[in-house]
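Asker: Okay, structure incoming, though there's no sequence with it:
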């Protein structure tokens, strides 16, 4: 179960030996992760370099987000964005400085490049000019964020905007060995105000295992005028987590509770022990239900009604019955499809009327659902079905302020993956750009973010938590 | 807060008096915080010609409280031989403790709980108790509180090993949550708000020059009482003010909290021993007894900020609150008195008050709170020059400003104090005719 290479990597002396001997072992770097609940200033005193292409439009949001999150901004390239940084810098005592003011030996915690102004292929050169001197200066678990628009105006602009994705995916692989991540955020016109919390999350250590992918921020979902809270985002909210007994479900239930939610921990009656224990430790409610049973949705709805309503649902429960198609029994096929997809749809239908304005639905998918996998035809079908479900449901509930998203974990260190044969397991870990498996907590962090009021700009999407794995990338 | 409330009563500042403020571990080393409080209160009673039975209550502020007698206020009453019926309490709100005592007294008077209250504060850094580590306390408890047989003693010794971490720790003014020493916080704020060393030194020099001028002119005579420090040795005047300092001299001092820093011993408030007391009454009572009330506390506010961010910015949030509650703008205020924990901290707060961006983002206001004209700011110097016995400072400021309103024929004085834990305080004094 334990990752030997990661353990060696933790030991500075062992690292030195491996490197001195010239062994071709890529030692993964231990990822920097956050502990405890969200904090007011997750980027306290972090040095973040900000660059932009000409005509970039997001500088005000970036400036405001960085200053409020406690980061010190260093501006590079074009001077056009500097004016946007003056006011937030003054208000929070975080004046932006030119990149040249950063000491030569100082590491860079993050780089944000605003490419929203990018309209032609020639403009791509700014990417090279900005990142070329910076990649080698990224701190351990550093962050690269490129901001773009979902579609360009005309073919040349579309080409330039599309290029950003290939760039980010490759940079992610390049910097992954240092525990650093790279992501692209495409911001729809009119959704600029919803970017802040996304930036905050992706720049923080909470996105430790999220890399090499595009995000889209749009304004489809109705949003309240209240500023989303920086801390305790789920206070006074009720959440249901299915499959909460262990692994990702348990980690998620804990994180949601830590952010203030009352969590209904749901699992099978056979998992009474761990489920009840978890519910007690987070002062939630244990609910023992077999999701395959006909009366399951009605029973969950009854409990939720007793709690006065519902804000967050995490459809996490899932099973695997891995068999090649030729060897798979009818029953196995039915079980996998029934629990992983059928139960999600049925449960949602029962709970949707109980959901309050601003609700959040998060469904667990899988990298297998995106990329496919030998022996997982049923599983992959069910998990790909989830992607369709969230995409189809999102526009329907948008009017009520509800978002629906899928989270697709890659190789996560759980009971399931510990059972995989050694060679396959090793391969699974090293395929990720970060060179290691993720933890259930890494997935829980992403789910918690998507469950928060600040995630109003993301709906109908799939977020991979795979450390930038090759498969499905 | 403040104002006469439902009762229609108004609390007024009748008088105030303090001991000289002297550097810690000098003249007042033998006087603990209670003795200093006794000295200030005794002087005040005498000056106001009050009898021992007249005072109904003492509200006292302190930061370094004596472990065996933390209710300093009550000890002062008993040591002075006040009527046993004169009840007392002691409050602590870090450097805002003295102001807290004054506003609590004002609130009690306005609620009709009392007519004559002495409020003030004192601190003796010279008598800070050296704390034993909890490990020692826990290990020795069976011996000290139980039967001290050889087995218990051996057991206790066993629990103390290793012996390196049982040494008493030197007391320092560090935040419990962040471990940051206050000077480091000031240093950080100076850097973040781009306050230069030169600006800090200039501010500190001005504080000294103004305090020295006030002393030379006799301006403080009515508010400072001589104290007998030891047999026959009397201290008559503040001991820390340097009339001869200058920006050039201050510029030579080395930064204390960071190698390339800007905060020095010269532009920070020093560790100080001293006490200050304020006499508050209901306006009705004061007039009935023939006193001429000087000022009333129109409004006050206490705020908190995250100590991990900008520890000492509290006054920038408390001041607009106080102005709003009183329905005033900063431009209308005649005198502003800010506690000078550090020159850097005062200059940061002033910058925040003057910033429209700060007002928009942090206060939800459309315009800056306002600029403070140096001519009406800390007109007789502040804590950098005079010193800062933590609990006494608020009461000193109330006294000096109440007197200044009368002497200079002004209407309003605004007080601002920053305090450990990320706290801030402000109060508005208005002259009474």
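Answerer: Here it is on my side, so go on. Computed from a predicted model, the values in this text were never measured in an experiment. Residues are numbered from 1 along each chain as shown, chains lettered A, B, ... in the order given.
Asker: mind giving me the domain split of chain A?
Answerer: A:1-30, A:31-217, A:238-465 (automatic domain parsing).
Asker: Measure how far the second one is from the centre of its chain, please.
Answerer: Centroid displacement of domain A:31-217 relative to its chain, using C-alpha atoms, centre = their mean, to the nearest Å, is 16 Å.
Asker: what pLDDT, on average, does it get?
Answerer: What domain A:31-217 shows for mean pLDDT is 95.
Asker: same deal with stretch A:375-383?
Answerer: When pLDDT is averaged over stretch A:375-383, the result is 94.
Asker: Helix or strand: which one has residue B:88?
Answerer: strand B:87-91 (DSSP states H and E).
Asker: picking that back up, quick one: which of the domains of chain A is nearest chain B?
Answerer: Across the domains of chain A, chain B has its closest neighbour in domain A:31-217 (3.6 Å, C-beta to the nearest C-beta). C-beta coordinates here come from the backbone N, C-alpha and C atoms, glycine included.
Asker: Any residue of the closest one touching chain B?
Answerer: Yes. Shown here: domain A:31-217 in contact with chain B (C-beta under 8 Å from any C-beta of the partner chain) through A:40-41, A:44, A:64, A:68, A:70, A:86-88, A:90-95.
Asker: Using JSON lines, please lay out the domains of chain A together with mean neighbour count.
Answerer: As requested, the domains of chain A are arranged in JSON lines below (neighbours: other C-beta atoms under 10 Å in any protein chain shown):
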{"stretch": "domain A:1-30", "mean neighbour count": "13"}
{"stretch": "domain A:31-217", "mean neighbour count": "20"}
{"stretch": "domain A:238-465", "mean neighbour count": "21"}
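Asker: Go through these and name the closest to residue B:76.
Answerer: domain A:31-217 (40.6 Å; C-beta to C-beta).
Asker: still on that earlier bit, for the record, mean pLDDT for the strand holding residue B:88?
Answerer: Mean predicted confidence for strand B:87-91 is 98.
Asker: List the pairing partners of it within its sheet, with orientation.
Answerer: The strands that strand B:87-91 pairs with in its sheet are strand B:57-61 (parallel) (by DSSP bridges).
Asker: ok so, going back, how about the residues of domain A:31-217 next to chain B, which pair is most distant?
Answerer: A:40 and A:86 (22.4 Å).
Asker: what about the strands in the stretch 101-250 of chain B?
Answerer: B:116-124, B:227-230, B:233-235 (DSSP state E, counting those that start in this stretch).
Asker: which of the ones you listed is buried the deepest?
Answerer: Per-stretch averages of neighbours, counted by mean count of other C-beta atoms under 10 Å in any protein chain shown, single out strand B:116-124 among these, with a mean of 32.
Asker: Quick one: work out the angle between that one and strand B:57-61.
Answerer: 30 degrees (axes from the mean of the first three to the mean of the last three C-alpha atoms, to 10 degrees).
Asker: Within its sheet, name the partner strands of strand B:116-124 and how each one runs.
Answerer: Counting by DSSP bridges, the strands paired with strand B:116-124 are strand B:57-61 (parallel), strand B:272-282 (antiparallel).
Asker: With mean neighbour count and mean pLDDT as new columns, can the ones you listed be given to me in TSV?
Answerer: Below are the strands paired with strand B:116-124 laid out as TSV (neighbours: other C-beta atoms under 10 Å in any protein chain shown; pLDDT from 0 to 100):
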stretch	mean neighbour count	mean pLDDT
strand B:57-61	30	98
strand B:272-282	31	98
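Asker: Of all those strands, which one comes closest to residue A:171?
Answerer: strand B:272-282 (56.7 Å).
Asker: Residues contacting whichever helix or strand comes after that closest one, please?
Answerer: Scanning forward in sequence from strand B:272-282 by DSSP H and E, the next helix or strand is helix B:283-288. Where contact means C-beta atoms under 8 Å, 6 or more residues apart in numbering or on different chains, the residues beyond helix B:283-288 that reach it are B:9-12, B:14, B:115-116, B:293, B:296, B:432.
Asker: Run the chain-centre distance for helix B:283-288.
Answerer: Distance of helix B:283-288 from the chain centroid (C-alpha atoms, centre = their mean) equals 28 Å.
Asker: Now the residue positioned nearest the centre of chain B: which helix or strand?
Answerer: Nearest to the geometric centre of chain B sits residue B:393, at 2.7 Å (C-alpha atoms, centre = their mean). Taking DSSP H and E as the criterion, residue B:393 maps to helix B:393-407.
Asker: and after that helix, which helix or strand comes next?
Answerer: Next in sequence after helix B:393-407, counting helices and strands by DSSP H and E, comes strand B:412-419.
Asker: is that next one anywhere near chain A?
Answerer: No. Using C-beta under 8 Å from any C-beta, we find that strand B:412-419 stays clear of chain A, coming within 14.3 Å at best.
Asker: Report the inter-axis angle for the biggest helix by length in chain B versus helix B:393-407.
Answerer: When chain B is parsed with DSSP state H, its longest helix is helix B:197-216. Relative orientation of helix B:197-216 and helix B:393-407, computed by the same axes, to 10 degrees: 60 degrees.
Asker: Say whether chain A is contacted by helix B:197-216.
Answerer: No. Helix B:197-216 lies out of reach of chain A by C-beta under 8 Å from any C-beta, never closer than 15.4 Å.
Asker: Show me what that helix is packed up against.
Answerer: With contacts taken as 3 or more C-beta pairs under 8 Å, 6 or more residues apart in numbering or on different chains; DSSP states H and E, helix B:197-216 sits against helix B:247-251, helix B:343-353, helix B:383-386.
Asker: what's next to the last one, contact-wise?
Answerer: Going back to what we said before, that points to helix B:383-386. B:21, B:203-204, B:207-208, B:210-212, B:238, B:240-242, B:267-269, B:272, B:339-343, B:393, B:396.
Asker: switch the cut-off to 6 Å
Answerer: Residues external to helix B:383-386 that are found in contact with it (C-beta atoms under 6 Å, 6 or more residues apart in numbering or on different chains): B:21, B:204, B:207-208, B:211, B:238, B:241, B:269, B:339-340, B:393.
Asker: low pLDDT regions in the stretch 201-350 of chain A?
Answerer: For the stretch 201-350 of chain A, applying pLDDT under 70 flags no range at all.
Asker: Next, the contact list for residue A:320, please.
Answerer: residue A:379.
Asker: scratch that, residue A:157
Answerer: residue A:119.
Asker: which SS state does it fall under?
Answerer: Three-state assignment for residue A:157 (DSSP: H, G, I helix; E, B strand; the rest coil): helix.
Asker: Quick one: name the residues of the stretch 301-433 of chain B near chain A.
Answerer: B:306, B:310, B:355, B:357-358, B:361-362 (C-beta under 6 Å from any C-beta of the partner chain).
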